[in-house]
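Trainee: got a structure for you, letters missing:
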């Protein structure tokens, strides 16, 4: 049924959303704004760094007073990296699932995270060589829930793969996306793809737009996921 599997990064592969929240919270607090954990998880998942800062610091003048959006993004990235380096956490079962998936399908990452963060984490887990394509927040103009990210990933994946490998270009409906947020699910569905949602960062009731929802990939074999979508 599937010809490719596309993975989100934060909230799917690495347990890092709390680090993103803490980094944004520190930035906002330093600039006289506040950001609660509840609001961050409700509103900001799917944003890239610049979008989250513009959303949280609604007064354009304050952004300029703080050195501009690029400087604020750099500060947030430094805070995040400090937390990330202290203890990187991969979700249980995901690394084994990725290795299994890569043996059968071309796989890719589609994320609003920074490319450097994605590549560093995948390298640390020994997974970087398995991914054919990485699309990061720096590679697109319209972030999730817009479908641009997943459309671009599939386009690049088809460019990367030889026709001797696939026989023809992979179609959107032949892609399985693994996501954890409502914005990510909306993005993938709008791109015409199937979605498996993991309730690792959001309440599963908020993920019902996905085709299937699982608590995590811990103890889940690739064949079990395939069976879920073949029913």
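Mentor: Perfect, thanks for sending it. Note that the structure is predicted; figures quoted are calculated from it, not measured.
Trainee: Am I right that residue 133 sits in a strand?
Mentor: Yes: using DSSP: H, G, I helix; E, B strand; the rest coil, the assignment for residue 133 is a strand.
Trainee: Report the contact partners of it.
Mentor: Going by Cβ atoms under 8 Å, 6 or more residues apart in numbering, residue 133 touches 108, 109, 153, 156, 157, 160. All C-beta atoms are positioned from the backbone trio N, CA, C, and that covers glycine.
Trainee: Sitting in helices, which of those do you find?
Mentor: Of the positions in those, 153, 156, 157, 160 sit in helices, assigned by DSSP state H.
Trainee: about what we covered before: which one of the contacts of residue 133 has the most neighbours?
Mentor: residue 153 (28 neighbours; other Cβ atoms under 10 Å).
Trainee: Averaged pLDDT, stretch 37-46. What do you get?
Mentor: In this model, stretch 37-46 carries a mean pLDDT of 86.
Trainee: List the buried residues for that stretch?
Mentor: For stretch 37-46, the buried set under the neighbour-count rule, 16 or more other Cβ atoms under 10 Å, comprises 40, 41, 44, 45, 46.
Trainee: What is the three-state secondary structure of the last one?
Mentor: Under three-state DSSP, the three-state class of residue 46 is coil.
Trainee: any idea how far the residue nearest to residue 75 when sequence neighbours are not counted is from residue 73?
Mentor: Nearest non-adjacent residue to residue 75, counting by Cβ to Cβ, 6 or more residues apart in numbering: residue 27, 5.8 Å away. Residue 27 is 9 Å from residue 73, where distance means Cβ to Cβ, to the nearest Å.
Trainee: in this protein, which spans are strands?
Mentor: For the chain, the strands defined by DSSP state E cover 4-7, 107-110, 131-135, 175-179, 194-198, 212-214.
Trainee: circling back to that earlier point, out of the contacts of residue 133, name the two that are farthest from one another.
Mentor: Largest separation among the contacts of residue 133 by Cβ to Cβ: 109 and 160, giving 13.0 Å.
Trainee: Scan the helices and strands of this structure for the one with the lowest mean pLDDT.
Mentor: Using mean pLDDT, DSSP states H and E, helix 163-166 stands out as the lowest-scoring helix or strand of the chain, at a mean of 62.
Trainee: Show me where this protein has its helices.
Mentor: Assigned by DSSP H, the chain shows helices spanning 17-30, 37-43, 49-56, 60-65, 69-86, 94-104, 115-124, 148-160, 163-166, 182-190, 222-230.
Trainee: Columns distance to residue 91 on top of the strands of the chain, output as a markdown table?
Mentor: A markdown table is the format used below for the strands of the chain (distance: least, Cβ to Cβ, whole Å):
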| stretch | distance to residue 91 |
| --- | --- |
| strand 4-7 | 11 |
| strand 107-110 | 14 |
| strand 131-135 | 16 |
| strand 175-179 | 11 |
| strand 194-198 | 8 |
| strand 212-214 | 11 |
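Trainee: In JSON lines, list those along with distance to residue 205 and mean pLDDT.
Mentor: JSON lines is the format used below for these (distance: least, Cβ to Cβ, whole Å; pLDDT from 0 to 100):
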{"stretch": "strand 4-7", "distance to residue 205": "23", "mean pLDDT": "98"}
{"stretch": "strand 107-110", "distance to residue 205": "24", "mean pLDDT": "98"}
{"stretch": "strand 131-135", "distance to residue 205": "29", "mean pLDDT": "97"}
{"stretch": "strand 175-179", "distance to residue 205": "15", "mean pLDDT": "98"}
{"stretch": "strand 194-198", "distance to residue 205": "11", "mean pLDDT": "98"}
{"stretch": "strand 212-214", "distance to residue 205": "9", "mean pLDDT": "98"}
